[in-house]
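Asker: coordinates for the following, if possible.
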Amino acid sequence: MNKLYIDTDIVIDAVEDRKNIFGKNIGNPAADLFIQAVSCKYQLILSTWMFHELCRHKIINDTRMFFELTKKKVITISHTEKDIVYAKSNNPSHFQDELHGMLALKSKADCIVTRNISDFDNFKDKITIVKPEQLL
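Answerer: Numbering: from 1, shown residues only. Next up is the predicted model:
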């Protein structure tokens, strides 16, 4: 079973059923990852940093259904203050993505699932980075 590190944007896409700037639905492929995790195709890795970001977006309560459905298929990886400091020193302008990449490696994920592939350029030689559609 592939272990997928889920970037915060994927959860937001699924919960808000978002569309991209061209009007294409990007929420369905994101939600499908959660459905496929329930059917044992994937194991999801969710970080405490992702939960922190969801709280900032004020949608943490809206995500309960996704997390409740997949709770047996989820691995949680915790971040530390030291991780944040290191991410900020490595990539001050995009430390959040740097932190996600670090946590994905730390958790031994098979890939990072994100909408923002280019934000993870620092990691492309260490881990596969994909959009949800590439897994479906």
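Asker: distance of H100 relative to K24?
Answerer: Taking Cβ to Cβ, to the nearest Å as the measure, H100 falls 24 Å from K24. The way it works is simple: take the backbone N, C-alpha and C, and place the C-beta from them, glycine included.
Asker: the two: which is more packed in?
Answerer: H100 (28 against 12; other Cβ atoms under 10 Å).
Asker: what's the neighbour count on S39?
Answerer: 8.
Asker: K126 - nearest residue in space that isn't next to it in sequence?
Answerer: Leaving aside its chain neighbours, K126 sits nearest to L105 (6.1 Å; criterion: Cβ to Cβ, 6 or more residues apart in numbering).
Asker: just checking, what packs against the helix or strand containing the one you found?
Answerer: Assigned by DSSP states H and E, L105 belongs to helix 95-106. In terms of contacts (3 or more Cβ pairs under 8 Å, 6 or more residues apart in numbering; DSSP states H and E), helix 95-106 is packed against strand 2-6, strand 42-47, helix 48-56, helix 81-90, strand 111-113.
Asker: switch the ones you listed over to TSV; also include mean pLDDT and mean neighbour count.
Answerer: Output for those, formatted as TSV (pLDDT from 0 to 100; neighbours: other Cβ atoms under 10 Å):
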stretch	mean pLDDT	mean neighbour count
strand 2-6	94	23
strand 42-47	91	23
helix 48-56	88	17
helix 81-90	95	14
strand 111-113	97	24
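Asker: closest one to K131 among those?
Answerer: Across the helices and strands packed on helix 95-106, K131 has its closest neighbour in strand 111-113 (7.2 Å, Cβ to Cβ).
Asker: now do that closest one: distance to the chain's middle.
Answerer: Distance of strand 111-113 from the chain centroid (Cα atoms, centre = their mean, to the nearest Å) equals 7 Å.
Asker: give me the sheet partners of it and which way each runs.
Answerer: Strand pairing for strand 111-113, determined by DSSP bridges: strand 2-6 (parallel), strand 128-130 (parallel).
Asker: neighbouring contacts of the last one?
Answerer: Residues from elsewhere that reach strand 128-130 (Cβ atoms under 8 Å, 6 or more residues apart in numbering): 110-114, 117, 120, 123.
Asker: what of the first one?
Answerer: Contacts made with strand 2-6 from outside it, assessed by Cβ under 8 Å, 6+ apart, are listed as 33, 37, 41-47, 50, 75, 77, 100, 103-104, 107-113, 127, 135.
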